[in-house]
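In: the sequence isn't on hand, but the structure is:
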């Protein structure tokens, strides 16, 4: 019985004093971070020695603190085994987490790329062709996903592409699909003037492949509207070719017959071959003006833009042109006086007979209704002279314009009032 009481007293003393004594003994260690880490390592090692399980491993933060704050030489064998197991455990967990993260990032990258590629392809469907280069540049980061969609556009869209959509898709695929070179070259002949610069810029690296096909098409165009697009392409790809001299008259004729709204666009694209087109344009200005004032005006604009430094040609147009064009043509030679003055003096020294004999202007005769109007005003019309003495003021401008179409120019005009006090005019044309 005494022994049992002694054992109870010992257990009671142990329970109350051991923890206090241990705290007193380790108090100095607990004052520092390294000391606290060493004490925690001892506690963990004791539990690990009894049950070497994952749940007895230190947490990640504890593991890192212990590794940094304790010395390897001061660790016991059990402590080293504990930390080695923790290293393997967290390394595997880290690799697994990194793999999952990488897979997630890759899946997100793929999803984002496919989504952006679909957006770019849909933008191409509705884009104006001049906007395609900007969209294609934005598409560079998503090309790996966009190219399959572009190649199988009909399957992707579930319908046939129209001409504009096919052109946009060909431009987008050109960098990865050389077969699109032939597609785009064949499209040039029917391309609108606003879209043509985009195609020419895209085909510039493939100019050697396109030249012969373009020359063949230009030598036998399917219709007159194809001449200017093909010529503009060759002006960009083969401006130095000797074949331009053969084709220049045809190109110049198409230029003065084009829509006036697009004339300056065509002129800009044909500027590399301006020297070859100058003479045919000068001929057209002189030849077309009598028959078609609109085409003559386009020829004059083309001369201003493409032949402004060709002084003999501008002087010839100035001498043989009409009064309405004088200011525009004179402005071109005003800065070239040294070259222009001798040419103008030579024109002044020619006799009227020489001028008539050498004139290339084939002016049409006044129409029957014009002759009738002159005769009703008490006048007559001859080959090189016309006059009337009873023209009403309200009819003056329209009759002058009609007579000018046949190169009759008013040289004398005298107003008077007739017996009824009506204002009338006497006019002389030469």
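Out: Thanks, I have it. In this text, all values refer to a predicted model and were calculated from it rather than measured experimentally.
In: chain neighbours aside, what residue packs nearest to residue 144?
Out: Of all residues not flanking residue 144 in the chain, residue 113 sits nearest, at 7.1 Å (CB to CB, 6 or more residues apart in numbering). Using the backbone N, CA and C atoms, a C-beta is placed for each residue, glycine as well.
In: my guess is residue 75 contacts residue 84, does it?
Out: No. Using CB atoms under 8 Å, residue 75 makes no contact with residue 84, being 10.4 Å away.
In: thinking again about what came up before, mind listing what the residue nearest to residue 144 touches?
Out: Contact analysis of residue 113 by CB atoms under 8 Å, 6 or more residues apart in numbering lists 141-142, 144-145.
In: mind listing the helices for the stretch 51-200 of the chain?
Out: 60-69, 77-126, 132-138, 143-151, 153-157, 163-173, 180-188, 196-203 (DSSP state H, counting those that start in this stretch).
In: weakest of those in terms of mean pLDDT?
Out: Comparing mean pLDDT over these, the weakest stretch is helix 153-157, at a mean of 61.
In: residue ranges in the stretch 301-430 of the chain under the pLDDT threshold?
Out: Applying pLDDT under 70 to the stretch 301-430 of the chain flags the ranges 321-324, 350-362.
In: hmm, back to that, export the helices of the stretch 51-200 of the chain as CSV, with columns for distance to residue 278.
Out: Below are the helices of the stretch 51-200 of the chain laid out as CSV (distance: least, CB to CB, whole Å):
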stretch, distance to residue 278
helix 60-69, 84
helix 77-126, 41
helix 132-138, 32
helix 143-151, 43
helix 153-157, 45
helix 163-173, 33
helix 180-188, 24
helix 196-203, 22
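In: which of those sits closest to residue 243?
Out: helix 180-188 (16.9 Å; CB to CB).
In: report the separation between the residue nearest to residue 144 and residue 171.
Out: To residue 171, residue 113 is 21 Å away according to CB to CB, to the nearest Å.
In: ok, residue 234 next?
Out: With distances taken as CB to CB, residue 234 is found 20 Å from residue 171.
In: look up how far residue 41 lies from residue 82.
Out: The gap separating residue 82 from residue 41 is 8 Å, by CB to CB.
In: and for those two, which residues touch both?
Out: What both residue 82 and residue 41 touch, as defined by CB under 8 Å, 6+ apart, is the set residue 58.
In: which elements pack onto the host helix or strand of residue 207?
Out: Take DSSP states H and E as the rule and residue 207 turns out to sit in helix 207-219. Helices and strands touching helix 207-219, by 3 or more CB pairs under 8 Å, 6 or more residues apart in numbering; DSSP states H and E, are helix 180-188, helix 227-237.
In: winner for burial among those helices?
Out: helix 227-237 (a mean of 24; mean count of other CB atoms under 10 Å).
In: which strands and helices lie in contact with that one?
Out: helix 180-188, helix 196-203, helix 207-219, helix 244-257, helix 263-270.
In: try it again at 10 Å.
Out: With contacts defined as 3 or more CB pairs under 10 Å, 6 or more residues apart in numbering; DSSP states H and E, the packing partners of helix 227-237 are helix 180-188, helix 196-203, helix 207-219, helix 244-257, helix 263-270, helix 274-291.
In: distance to residue 121 added to these, as a markdown table?
Out: Below are these laid out as a markdown table (distance: least, CB to CB, whole Å):
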| stretch | distance to residue 121 |
| --- | --- |
| helix 180-188 | 16 |
| helix 196-203 | 18 |
| helix 207-219 | 26 |
| helix 244-257 | 37 |
| helix 263-270 | 29 |
| helix 274-291 | 40 |
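In: lowest mean pLDDT across these, which one is that?
Out: In terms of mean pLDDT, the lowest-scoring of the helices and strands packed on helix 227-237 is helix 274-291 (a mean of 77).
In: roughly how far is it from the heart of the chain?
Out: Relative to the centre of its chain, helix 274-291 is centred 33 Å away, using CA atoms, centre = their mean, to the nearest Å.
In: check stretch 224-239 too.
Out: Relative to its parent chain, stretch 224-239 has a centroid offset of 19 Å by CA atoms, centre = their mean.
In: can you check stretch 308-324 too?
Out: Distance, stretch centre to chain centre, for stretch 308-324: 37 Å (CA atoms, centre = their mean).
In: so which bits of it are buried?
Out: 308, 310-311, 313-322 (16 or more other CB atoms under 10 Å).
In: just those residues: which are in helices?
Out: 311, 313-320 (DSSP state H).
In: columns distance to residue 395 on top of these, output as JSON lines?
Out: JSON lines is the format used below for these (distance: CB to CB, whole Å):
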{"residue": "311", "distance to residue 395": "41"}
{"residue": "313", "distance to residue 395": "38"}
{"residue": "314", "distance to residue 395": "35"}
{"residue": "315", "distance to residue 395": "36"}
{"residue": "316", "distance to residue 395": "34"}
{"residue": "317", "distance to residue 395": "31"}
{"residue": "318", "distance to residue 395": "31"}
{"residue": "319", "distance to residue 395": "31"}
{"residue": "320", "distance to residue 395": "29"}
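In: thought residue 316 was touching residue 340?
Out: No. Judged on CB atoms under 10 Å, residue 316 makes no contact with residue 340 at a distance of 11.2 Å.
In: which stretch among the helices and strands packed on helix 227-237 comes nearest residue 327?
Out: With CB to CB, the closest approach to residue 327 among the helices and strands packed on helix 227-237 belongs to helix 274-291: 15.5 Å.
In: next secondary structure after the closest one?
Out: helix 293-306.
In: which of the helices or strands spans the closest residue to residue 312 other than its chain neighbours?
Out: Among residues not flanking residue 312 along the chain, residue 343 sits closest, at 6.1 Å (CB to CB, 6+ apart). In this assignment (DSSP H and E), residue 343 forms part of helix 337-348.
In: in that helix, which residues are buried?
Out: Buried-residue list, helix 337-348, by 16+ other CB under 10 Å: 340, 343.
In: check which helices and strands that helix sits against.
Out: helix 311-320, helix 326-334.
In: and the gap between residue 382 and residue 429?
Out: As judged by CB to CB, residue 382 and residue 429 stand 10 Å apart.
In: ignore the last one, residue 74
Out: 124 Å.
In: mind checking which of the two has more residues around it?
Out: Higher neighbour count among residue 74 and residue 429: residue 429, with 25 against 10, using other CB atoms under 10 Å.
In: got the contact list for that one?
Out: 366, 374, 379, 381-382, 384-388, 399-400, 403-404, 406-413 (CB atoms under 10 Å, 6 or more residues apart in numbering).
In: one more time with 8 Å
Out: 385-387, 403, 408-411.
In: got the angle for the helix holding residue 207 vs helix 196-203?
Out: Orientation check (axes from the mean of the first three to the mean of the last three CA atoms, to 10 degrees): helix 207-219 against helix 196-203 gives 140 degrees.
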